[in-house]
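**Student:** Below is the sequence, then the predicted model.
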Amino acid sequence: MRILVIGSGGREHALVWKLCRCEGVETVFVAPGNGGTLGEENVVHVPLAVDGIEALVDFARKESIDLVVPGPELPLTLGIGDAMARAGIPCFGPDAYGARLEGSKAFAKEIMQRAGIPTAESVVCTDYARACDYVREKGAPLVIKADGLAAGKGVVVAATVVEALAALEEIMCKKAFGASGDRVVIEEFLEGEEASFLCFCDGTTAVPLPSAQDHKAAFDGDSGPNTGGMGAYSPAPVLPDADAGVMAERVIRPILRELAADGHPFVGVLYAGLMMTSTGPKVLEYNVRFGDPECQPLLMRLDSDLVQIMMACVQGRLDAGMVSYHAQPALGVVLAARGYPGNYPKGMPIVGIEEANYLPGVKVFHSGTKRENGVVTAQGGRVLCITALGDTLEEAQEKAYAALTHIEMPESQFRTDIGRKGILRLQKQKSQ
Ligand code: AMP
Ligand code: GLY
């Protein structure tokens, strides 16, 4: 089989790493890839951008690609699913209609309402004055979200009315996120621990992956600005695997039914970002793809053949029996460039990746890296995700951090508490 993976982050490295180990896979093409994907066997880099839909379709046609796997949301919202379908090329991802679940927060809210999904109370506003009135009337805390894609930055959790009004001005008047701010969703602030719940979907059937937890804040103790994610682990004790079936029934299958009824059956991974509140889980957002960095620990745990799962999704014959996992938890720590998610330096050389990879149960996934003449350099905010399997979550954490000590990169930063919440929860459960 010939597979085309689209993207250049840690998630895509994990996808490529897993896919090139699947039965019958001859070549994995990656557009455009990174320093890590270049280091995997039977991988060919393709210098195409993730948003060049036509060029990607042309390439897939010319190279007789058997399966296309878009990593990030952008090509999906731009309609790569539709374009590949028109060309008759199997694509593991939703069409543009389904991708609006992630591409428009207002659309996601509308579908959630139709499907009866538990979520924060909210209003959608296109008028700045009305949005301000609503904020004054409701009072803080409130959450303000730009409607469209904003690279994970379009959400402001406002502790005061003044902060909420400032966010509205930034988003709606100053267009801090461009046209994404033409509409905002203003929603109730929810308290609790977050969890990532992902399902493989074939249009009608949803099969859960084990739960995971991301760490969105830049610094220890969930402080500092929001990032793309500074580390993740699976399973997340806040969402036990035993509850996965009930959760899929509550937050995923009703959405599949709505989309199918709209004439757009959802194929790919549907990811619900959950807040586990004292009154039950509520959906914060949907993503229409694997999470980054959740994908890295999740794929290390996946025991089954990922190509077979993806092909079954595309062909509408997914079955729970096709998906199995190692019992061992996995945990990944992101090594970022200093300053991320603000301005950060590039070009720093990285050494020690091979030594870390040599440790049993450890895999270093690359995000923003380049490999030239055997030298790996940092090229992005998130640079590596050092991921480890362990017999316990604590052991996975120890192994990931021990592996990290082998890696040297000037001007780097990382969180030292990835997995802490999960470990504390397990300890508390044990002592009860
Ligand atoms: P989103 O992109 O919608 O997942 O939002 C990004 C982050 O903002 C989430 O991971 C939460 O930490 C936070 N957030 C979003 N919505 C809410 C909410 N209604 N209440 C509290 N925090 C929220
Ligand atoms: N890790 C969060 C995301 O991928 O959106």
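**Tutor:** Alright, I've got the coordinates. Numbers count the residues shown, from 1 in each chain. Ligands and ions are numbered 1, 2, ... in the order given.
**Student:** Check for me that Glu169 belongs to a helix.
**Tutor:** Yes - the assignment for Glu169, made by DSSP: H, G, I helix; E, B strand; the rest coil, places it in a helix.
**Student:** Could you number the chain from 27 rather than 1 from now on?
**Tutor:** Yes, from this point I'll number from 27; that puts the last item at Glu195.
**Student:** list the contacts for it?
**Tutor:** Contact analysis of Glu195 by Cβ atoms under 8 Å, 6 or more residues apart in numbering lists Tyr154. Where C-beta positions appear, they are placed from N, C-alpha and C, glycine not excepted.
**Student:** okay, now Glu421: neighbour count?
**Tutor:** Neighbour count for Glu421, taken as other Cβ atoms under 10 Å: 16.
**Student:** Can you name every helix or strand that the helix or strand hosting it contacts?
**Tutor:** If you go by DSSP states H and E, Glu421 is part of helix 419-430. Here helix 419-430 touches strand 257-260, strand 356-363, strand 388-392, strand 408-415, helix 446-457, going by 3 or more Cβ pairs under 8 Å, 6 or more residues apart in numbering; DSSP states H and E.
**Student:** Tell me which of these is the most buried.
**Tutor:** Each of the helices and strands packed on helix 419-430 was scored by mean neighbour count; the highest is strand 257-260, a mean of 31, by mean count of other Cβ atoms under 10 Å.
**Student:** gap between that strand and the chain center?
**Tutor:** Taking Cα atoms, centre = their mean, to the nearest Å, one finds the center of strand 257-260 at 11 Å from the center of the full chain.
**Student:** Contact partners for Glu66?
**Tutor:** Contacts of Glu66 by Cβ under 8 Å, 6+ apart are His39, Val42, Trp43, Cys46, Val54.
**Student:** swap the cut-off to 10 Å and go again
**Tutor:** His39, Val42, Trp43, Lys44, Leu45, Cys46, Arg47, Val54, Val56, Gly59 (Cβ atoms under 10 Å, 6 or more residues apart in numbering).
**Student:** which one is Ser304 nearest to, not counting chain neighbours?
**Tutor:** Gly218 (6.9 Å; Cβ to Cβ, 6 or more residues apart in numbering).
**Student:** so what's the one you found up against?
**Tutor:** Here Gly218 is in contact with Val264, Leu300, Met301, Met302, Thr303, Ser304, Thr305, Gly306, Pro307, Lys308, Leu310 (Cβ under 10 Å, 6+ apart).
**Student:** Helix, strand or coil: sort out the third one for me.
**Tutor:** Same thing as Met301. Three-state call for Met301 (three-state DSSP): strand.
**Student:** Determine the number of other residues adjacent to it.
**Tutor:** When neighbours are counted by other Cβ under 10 Å, Met301 registers 20.
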